[in-house]
Structure formats: C-alpha cells, structure tokens
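Novice: Output the structure for:
(one chain, ligands or ions: 2)
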Amino acid sequence: MSSMTKPIVVFDLDGTLVDTAPDLLDSLNHCLSQSGMEKVDPTALRRFVGHGGRVMIERAFEAQKKQLSPEQLDWLVGLFLEHYGAHMPGRSELFIGAAEAMDRLAADGYTLAVCTNKFETLSVKLLTELGHADRFAAICGGDTFSFRKPDPRHLTETILRAGGDPGHAVMIGDSRTDIDTAKAAGIPVVAVDFGYTDLPVHTFEPSRVISHFDELTVDMTKGLIMAAAL
Ligand SMILES: O=C(O)COP(=O)(O)O
Ligand SMILES: [Mg+2]
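Specialist: Numbering: from 1, shown residues only. Ligands and ions are numbered 1, 2, ... in the order given. Have a look, this model is predicted:
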C-alpha cells in the first residue's frame, strides 16, 4: 500500500447508514393515495427500494397491476421529491453505532463517502439535516452520473471524486445491489443485515456480514483491503 494513499470506506445510505424506511413509506403512500391506489406496508417497501425513488414508484404500481404512463410517473416522482424533501429528516435516524464507527475510521485516517441510488439532492439534504454531511468527501446519488448501482462505475467514480483509490476501498451496504456493485468493481463489501432486502444478505455472498456497527472495526476494513490487494 503506498503511503500516500488514504484508504476509503464508502457507505450506502438507505438501510445502511440511515433508517429511512418510515419516511420513504409515508412519501410513497402519499403518492399512491394521490393516485387512488392502496397504501403499502413496511414489508412490501423492502421489495421496492434499492434502485431509487422512480423505480420504487414503478414497482409499487406493478405490484398493484396498475398501468403507469411516463407522464404520470414523472408527475409522481415530482410529488415524491416534494413530499419526502419537505418532511425531512422526519423519523429518519442513523443506525445505532454508525456515528461511532465513522468516528473510528476517520480517526484512523480513512476517507468516508456515500454512494446511494437515492437522488443526490435528497441524500445531501438528509445528511445535512442529520448533521453528518461534513464527514463525507463525496455524496454521490443515483442521478449524479449517467450510471448508477449496480453499475460498478457508480462506486469507482464516487471513490475518485472523494480523492480515494478503488484499490484501497471497502463498500458497506444492505442490499444485493450494493454487493453486486462492489463485486463487479473488485472491491470488498461488508453487508449489514438490518437493512432493506427481501432475501437475507448472506445469500449474495458479501465479504462479511455484520449485525451491528460495533463489528465494523478498523482491523476488519484493513484486513479486507489487504486481502483484496493480494
Ligand atoms: O432509495 C433507494 O431506492 C436506494 O437507496 P440506497 O442506494 O441508499 O439504498
Ligand atoms: Mg440501501
């Protein structure tokens, strides 16, 4: 490892760093009720998140076998952005131990970044309102580039924007999308098992699974980066 290179840890946002499900659900249900549709429950939400707000709305319509024109979808995405943004930070909170884990990593010289399929403006606003935006050298959303997770370039470009090196990086995520992205980029990935996924994360064979941020130690990230370099 070159002495110049600062290692980097890149976090997914929804379901990994921040428990946003209650607010996503409220805003999705607002959109659905404005369209005369049935509201969804927290379990159903897990199948809709992971690819950003637009796909979440599309999937909710598909689940109720409702047609959705491109114009209607654009309108609903606007409605979602307005509702979700206006109620922020709502009930959303960092997962337990996340702040302490980021403190430890930063104290050991790690750069931190966020790579999320959430819209960039919403991601920056949420992290700002929660008081954590300043920790990150880059916050890249699903609309920051012309590609998004599971495209590995979303992760590698986030790392470059943060001044990091994809060869000295670890991704932390909660979904198949995150795990597939990191693997395609050749970057080790730690999966949290408390996020938003319909199948257990171990199914997707991440490098490690953790159940609490206390388990995300500097030793673990160091070991993963060293093993990836072999
Ligand atoms: O909001 C989504 O659909 C996904 O967001 P995430 O990439 O931060 O999990
Ligand atoms: Mg997620």
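Novice: What ranges does this structure have for its strands?
Specialist: 8-11, 18-19, 93-94, 111-115, 138-140, 169-173, 189-192, 208-210 (DSSP state E).
Novice: outside of the last one, which residues touch it?
Specialist: The contact list for strand 208-210, computed with CB atoms under 8 Å, 6 or more residues apart in numbering, reads 188, 190-193, 201-202, 216, 220, 224. In this view, the C-beta of every residue, glycine as well, is placed from N, C-alpha and C.
Novice: do the same with the fourth one
Specialist: The contact list for strand 111-115 (CB under 8 Å, 6+ apart) reads 6-13, 17, 102, 105-106, 123, 127, 135-140, 149, 154-155, 158-159, 161-164, 171, 181.
Novice: ok, 7 Å please
Specialist: 6, 8-13, 102, 105-106, 123, 135-140, 149, 154-155, 158-159, 162-164 (CB atoms under 7 Å, 6 or more residues apart in numbering).
Novice: Narrow those to those in helices?
Specialist: If you go by DSSP state H, the contacts of strand 111-115 have 102, 105-106, 123, 154-155, 158-159 in helices.
Novice: Reformat those residues as CSV; add pLDDT.
Specialist: Rendered in CSV, the data for the ones in helices among the contacts of strand 111-115 read as follows (pLDDT from 0 to 100):
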residue, pLDDT
102, 98
105, 98
106, 98
123, 97
154, 98
155, 98
158, 98
159, 98
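Novice: Can you select the buried ones from these in PyMOL?
Specialist: Restricted to buried positions by 16 or more other CB atoms under 10 Å, the PyMOL selection for the ones in helices among the contacts of strand 111-115 reads:
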select buried, resi 102+105+123+154+155+158+159
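Novice: Could you work out the most separated pair of the ones in helices among the contacts of strand 111-115?
Specialist: Maximum pairwise distance in the ones in helices among the contacts of strand 111-115, criterion CB to CB, is 22.9 Å, between 106 and 154.
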